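Student: Whatever this is, show me its structure:
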Amino acid sequence: MFYKDERLALFIDGSNLYAAAKALGFDIDYKLLRQEFMRRGKLLRAFYYTALLENDEYSPIRPLVDWLHYNGFTMVTKPAKEYTDSMGRRKVKGNMDIELTVDAMELAPRVDHIVLFSGDGDFRPLIASLQRQGVRVSVVSTIRSQPPMISDELRRQADNFIELEDLRDVVGRPPREEPEETRGMMAANGE
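Tutor: The predicted structure is shown next:
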């Protein structure tokens, strides 16, 4: 439940939200997403967290990052780390959990309600701490994918669980075909 007069902040775990929407077969229209939550309360900030491959001449996620930055989102990025696993496969690692957690804790005294777009169970202690500070926390993810994209403990801890599938008509658009490297980057980006 949302109240019109409450101060809201969105915290978007980019790779996690991407994976959840992909599992449900749609893309997120971030302009519509921002408008939806502006309608639900007084939106103070919308943070988007993602790791970027800095050494690539063209990062497939760069256009999205640039668009979000120019359209009201606070971008939090860091270089992703590339490595080769024991099977010789190229892997990308770029977990943004600590950055998201620190920002949420710093903003907590200035907001009434935080909406976390992630199903990552590692955020359960963050939610518990925010709640002890008097902040209500809603989590957006999905249980309708196979397997579910939200951990059970995160869902139980949240004050409110918002099924991403239920937001499809409000913030979704049909998926676009994307280059193979985008899929690999987004899937490996912290997941």
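
Student: For this structure, which segments count as strands?
Tutor: All strands of the chain, identified by DSSP state E, fall at 7-13, 27-28, 42-52, 74-79, 81-84, 90-93, 113-117, 136-141, 160-163, 172-173.

Student: Adding mean pLDDT, write the ones you listed out as CSV.
Tutor: Shown next, in CSV, are those (pLDDT from 0 to 100):
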stretch, mean pLDDT
strand 7-13, 98
strand 27-28, 95
strand 42-52, 95
strand 74-79, 92
strand 81-84, 82
strand 90-93, 77
strand 113-117, 98
strand 136-141, 98
strand 160-163, 97
strand 172-173, 91
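
Student: Which of the ones you listed sits closest to Ala128?
Tutor: strand 136-141 (9.0 Å; CB to CB). Glycine gets a C-beta too; all of them are placed from N, C-alpha and C.

Student: That closest one - contacts with which helices or strands?
Tutor: With contacts taken as 3 or more CB pairs under 8 Å, 6 or more residues apart in numbering; DSSP states H and E, strand 136-141 sits against helix 14-24, strand 113-117, helix 124-132, helix 152-157, strand 160-163.

Student: Tell me the gap between it and the middle of its chain.
Tutor: A distance of 11 Å separates the centroid of the chain from that of strand 136-141, by CA atoms, centre = their mean, to the nearest Å.

Student: Tell me the strands beside that strand, with direction?
Tutor: strand 113-117 (parallel), strand 160-163 (parallel) (DSSP bridges).
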